[in-house]
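**Q** give me coordinates for this.
(2 chains)
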Amino acid sequence: MADGRNGAQSPEEQVRALFEEAESNTSKAFEELVSKPSFGRLMAMSAENTAALTRVAFDMVDLLWRNLRLAGRADIVRLSRQLHRNEDKLERVLQEVESLRDEMTRDREREEARS
Amino acid sequence: MSVIERVVRFPVNALEYTNILLTTDDANVGTTPKEVVWTHRETTLYRYRSANRRYQVPLLLVFALINRPDIFDLRPGSSLVEYLLDEGFDVFLVDWGYPDEEDGEMGLDEFVCDELDWAVRETLRAAGAEELTLMGWCIGATLCAMYCGLDRDGRRAPVKNLVELTMPIDGRQSNYAKWVGDEDFDVEQVAELYGSLPGGAIDFANKMLKPVTNFWTTYRRLWDNVQEGTARREAYQTMAKWVGDNPPFPGRAWAQWIELMYRDAGLVRGGVRLRGRSVDLRRIDQNVLVITAGADHIAPRPGTMPFFDLISSKDVEHLARPGGHIGLVAGSAARKELWPEISQWLAERSDPRD
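**A** All right, here's what the predicted structure looks like:
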């Protein structure tokens, strides 16, 4: 048990303090490591390779799928993009309608105020 | 607690520890009641229900393109949204949703010129106001700054107040720049290959900035707290759930962000154009409140400071506080320290209702 009266540490507390110190030092060492340009290069190349491999794997599965005459991911993405384009146009039309309606309301209010 | 006690309690503690970790996904985040005002593609604009609106200028919250905006409304008692509603503000939130591969073509221009612009428009319509307060956090703060700095043929953005929380403006000194700043790293290719960058990959990169803290110390601390009987299950789970909820980052926007922030620092140097319209931070003349965190490793304070030299605002306040990128605004101390300061600053500039 800790002897708090004279400030001495129990063996358990000493082990804990050592562990926390080691953890803190490891943390600092890793932070230093990840801030090195060489680590950055490693990360960048890993990201490029992972992206390329993922794409190759997806394309292969997609090719197989489409040869079975089933809609693949690429088809769904293409359809979704078309839907997005339609939604964009609809949004712009809606905004025009709303501003026209606002304008008409303002005109009506102005005329009412005049009469 | 003695060693013997620890050994005896080990099975119970281990059970509680694993239970906390395994049920994290069941935690409820973002529970303040809200209504959908407008949707477009993946974007949704919400308005929080309130019977206590005391200010005329509505407040629009904008979060980053990574992680979810639920951090504004983490859990009852620890929710900035809940606090602002109690203070009488009319609070709106723009949620970017979960972009997928088909949204890979969305760039910063889409987010600033369309999504944010239209969210502002809808907020003003819903609130019946002429101007609003924009409150951005992280990338969301940068998007807000770009929105206010966008050329509108001489017209001013309908923004009265601009609140920027831990905002990156020039990231060239950050660790990210060491990772992705090298021209050899072909961001365009990675963006094209993925369509939208997987949220998990973005999260992994963020965690690698402080690997031991994120992959080990967080879990070790939770174990210590469980052993000592001081584990705050709800607080841990809501934050852990938020940290682990990572929507994909649209590829084109990601590539533009890397270029803008870590290679070119275009916002500081000038010359940024969105859809052919220039973005110049000197156009920002709104009332500005900037909050920076001393221990922010994602948007370090020196990367925010150039903002003050660029803007034209006369009413500028900077709250430089200790704390981390997220903990400063969402941590347990924020409710007593930072939120009242934000609320007071807003109250003085948000036109009380008669």
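**Q** use CA for all of it now, contacts and neighbours both
**A** Noted.
**Q** enumerate the residues of chain A near chain B.
**A** Taking Cα under 8 Å from any Cα of the partner chain as the contact definition, chain A meets chain B at A:1, A:26-27, A:30-31, A:34-37, A:39-41, A:43-45, A:47-48, A:51-52, A:54-55, A:77-78, A:80-81, A:84, A:87-88, A:91.
**Q** now, the residues you listed that are in helices?
**A** Among these, the residues falling in helices (DSSP state H) are A:26-27, A:30-31, A:34, A:37, A:39-41, A:43-45, A:47-48, A:51-52, A:54-55, A:77-78, A:80-81, A:84, A:87-88, A:91.
**Q** ok, residue B:17 to residue B:221 distance?
**A** 11 Å (Cα to Cα, to the nearest Å).
**Q** what sits against residue A:31?
**A** By Cα atoms under 8 Å, 6 or more residues apart in numbering or on different chains, the contact set of residue A:31 is B:209, B:210, B:211.
**Q** and stretch A:70-77, what's buried?
**A** Judged by neighbour count (16 or more other Cα atoms under 10 Å in any protein chain shown), stretch A:70-77 contains these buried residues: A:72, A:73, A:74, A:77.
**Q** need the residues you listed in TSV (columns: pLDDT and distance to residue B:188).
**A** Formatted as TSV, the buried residues of stretch A:70-77 follow (pLDDT from 0 to 100; distance: Cα to Cα, whole Å):
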residue	pLDDT	distance to residue B:188
A:72	82	24
A:73	82	21
A:74	84	19
A:77	90	19
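**Q** so which of the residues you listed comes closest to chain B?
**A** residue A:77 (5.0 Å; Cα to the nearest Cα).
**Q** can you tell me what sits against the helix or strand containing residue B:135?
**A** Here residue B:135 sits within strand B:132-137, counting by DSSP states H and E. Residues outside strand B:132-137 that contact it (Cα under 8 Å, 6+ apart) are B:57-64, B:120, B:124, B:141-144, B:158-167, B:350.
**Q** does chain A have contacts with stretch B:264-277?
**A** No - with Cα under 8 Å from any Cα as the criterion, chain A is not reached by stretch B:264-277; the gap is at least 15.7 Å.
**Q** figure out the length between the terminal residues of that stretch.
**A** First-to-last distance for stretch B:264-277 - Cα to Cα - comes to 18 Å.
**Q** in the stretch 201-350 of chain B, what residue is nearest chain A?
**A** residue B:212 (5.0 Å).
**Q** domains of chain B?
**A** With domains defined by automatic domain parsing, chain B comprises B:1-30+B:199-247, B:32-193+B:250-347.
**Q** how about low-confidence regions in the chain?
**A** With no chain named, the answer covers chain A. Scanning chain A for pLDDT under 70 picks out A:1-7.
**Q** not quite, I wanted chain B
**A** If you take pLDDT under 70 as the line, chain B has these spans: B:1.
**Q** chain A contacts on that one?
**A** B:2, B:40-41, B:101-103, B:175, B:178-180, B:182, B:185-186, B:189-190, B:193-194, B:208-213.
**Q** from these, which ones fall inside helices?
**A** Per DSSP H, the residues of chain B next to chain A map to helices at B:175, B:178, B:179, B:180, B:189, B:190, B:193, B:194, B:208, B:211, B:212.
**Q** and the domains of chain B, which is most packed in?
**A** Greatest average neighbour count among these goes to domain B:32-193+B:250-347 (a mean of 20), per mean count of other Cα atoms under 10 Å in any protein chain shown.
**Q** first-to-last residue distance for that domain?
**A** Across domain B:32-193+B:250-347, the terminal residues are separated by 21 Å (Cα to Cα).
**Q** does the nearest residue to residue B:122 once chain neighbours are set aside count as helix, strand or coil?
**A** Spatial nearest neighbour of residue B:122, excluding adjacent residues (Cα to Cα, 6 or more residues apart in numbering or on different chains): residue B:38 at 7.0 Å. Secondary structure, DSSP: H, G, I helix; E, B strand; the rest coil: residue B:38 is strand.
**Q** which residues does residue B:233 contact?
**A** Here residue B:233 is in contact with residue B:20 (criterion: Cα under 8 Å, 6+ apart).
**Q** residue ranges for the strands of the stretch 51-200 of chain B, please.
**A** B:59-62, B:73-75, B:78-79, B:91-95, B:132-137, B:159-165, B:196-197 (DSSP state E, counting those that start in this stretch).
**Q** where's the residue in chain A positioned nearest to chain B relative to residue B:209, distance?
**A** Nearest residue of chain A to chain B: residue A:40, at 3.7 Å (Cα to the nearest Cα). The gap separating residue A:40 from residue B:209 is 11 Å, by Cα to Cα.
**Q** can you check which residues contact both of those two?
**A** Counting by Cα under 8 Å, 6+ apart, the contacts common to residue A:40 and residue B:209 are residue A:34.
**Q** related to what we said a few turns ago, which among the ones in helices among the residues of chain B next to chain A gets closest to residue B:292?
**A** Within those, the smallest distance to residue B:292 is 17.6 Å, found for residue B:175 (Cα to Cα).
**Q** and for the closest one, nearest residue in space, chain neighbours not counted?
**A** Nearest to residue B:175 is residue A:35, by Cα to Cα, 6+ apart, at 5.6 Å.
**Q** so who does the one you found touch?
**A** Counting by Cα under 8 Å, 6+ apart, residue A:35 has contacts B:175, B:178, B:209.
**Q** check residue B:335 too.
**A** B:78, B:80, B:83.
**Q** at 10 Å what do you get?
**A** B:77, B:78, B:79, B:80, B:83, B:329, B:341 (Cα atoms under 10 Å, 6 or more residues apart in numbering or on different chains).
**Q** closest to chain A out of those residues?
**A** Of the contacts of residue B:335, the one sitting nearest to chain A (Cα to the nearest Cα) turns out to be residue B:329, at 23.8 Å.
**Q** hang on, that closest one in a strand?
**A** No - counting by three-state DSSP, one finds residue B:329 to be helix, located in no strand.
**Q** how about it: what's its closest non-neighbour residue?
**A** residue B:338 (7.0 Å).
**Q** does that neighbour really touch residue B:321, like I thought?
**A** Yes - the criterion here is Cα atoms under 10 Å, and residue B:338 meets it with residue B:321 at 8.8 Å.
**Q** any residues in contact with both of the two?
**A** B:291, B:328.
**Q** now do residue B:112 against chain A, distance only.
**A** 15 Å (Cα to the nearest Cα, to the nearest Å).
**Q** now that residue, nearest residue through space, not along the chain?
**A** What sits nearest to residue B:112 in space, not counting adjacent residues and going by Cα to Cα, 6+ apart, is residue B:147, at 5.7 Å.
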